[in-house]
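Participant: Predicted model and sequence below, questions to follow.
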Amino acid sequence: MIKPKGIDHIVLRTERYQQLIDFYCNVLGCKLELSKNRLGLTHLRAGNALIDIVDVNGKLGMLGGNAPDDKGNNIDHFCLQIALRGEQELQEYLHSRGVICGEFQDRYGAQGMGRSLYIKDLVGNNLELRFIV
């Protein structure tokens, strides 16, 4: 019997490889864990999960076809659980980093109901940022 325990990793393909790595590290606080430059693959630590960034022009990325764009992303969205802080404080921080964000709402997720908002990363992927206690 399979019993999911959480998200292990997600994979995002992009033409803006280093810029997307910088966004996830410098804006969203992920940590560089491992780079496999010959493949065009970087693993970023996001709590107990990984976000893998793949260069569509790299060896691995070319296997997946064209890069995602505004009309064809690889995923609808993914949700990052983040530490509890003030809603306005988070929105102000995101705005100061040039990130357009939606409004906070109560939404259902893996930990039940909670407050979250949606943002887009710099290549158009939709993210939900969700407070956890």
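Facilitator: Arrived safely. Numbers count the residues shown, from 1 in each chain.
Participant: What ranges does this protein have for its helices?
Facilitator: 17-22, 87-96 (DSSP state H).
Participant: how about those helices, which one is nearest Leu129?
Facilitator: Closest of these to Leu129 is helix 87-96, at 7.3 Å (criterion: CB to CB). Any C-beta I mention is one placed from the backbone N, CA and C, and that applies to glycine too.
Participant: In contact with Asp52, which residues?
Facilitator: His9, Ile10, Val11, Leu12, Leu41, Thr42, His43, Leu44 (CB atoms under 8 Å, 6 or more residues apart in numbering).
Participant: To clarify, my last question referred to Asp69.
Facilitator: Gly124.
Participant: quick one: it from Ile100, how far?
Facilitator: For Asp69, the distance to Ile100 (CB to CB, to the nearest Å) stands at 17 Å.
Participant: Gly112 now?
Facilitator: 28 Å.
Participant: before we move on, what about Phe78?
Facilitator: 18 Å.
Participant: neighbour count winner among the two?
Facilitator: Phe78 (15 against 9; other CB atoms under 10 Å).
Participant: That one touches Arg130, doesn't it?
Facilitator: No - look at Phe78 against Arg130 with CB atoms under 8 Å: they stay out of range, at 10.6 Å.
Participant: Need the overlap of contacts for those two.
Facilitator: By CB under 8 Å, 6+ apart, no residue touches both Phe78 and Arg130.
Participant: most tightly surrounded among the helices of the chain?
Facilitator: helix 17-22 (a mean of 16; mean count of other CB atoms under 10 Å).
Participant: got the contact list for that one?
Facilitator: With contact meaning CB under 8 Å, 6+ apart, helix 17-22 is reached by 12, 14, 32, 40, 42, 44, 53-55, 57-58, 121-123.
Participant: With that, I have no additional questions.
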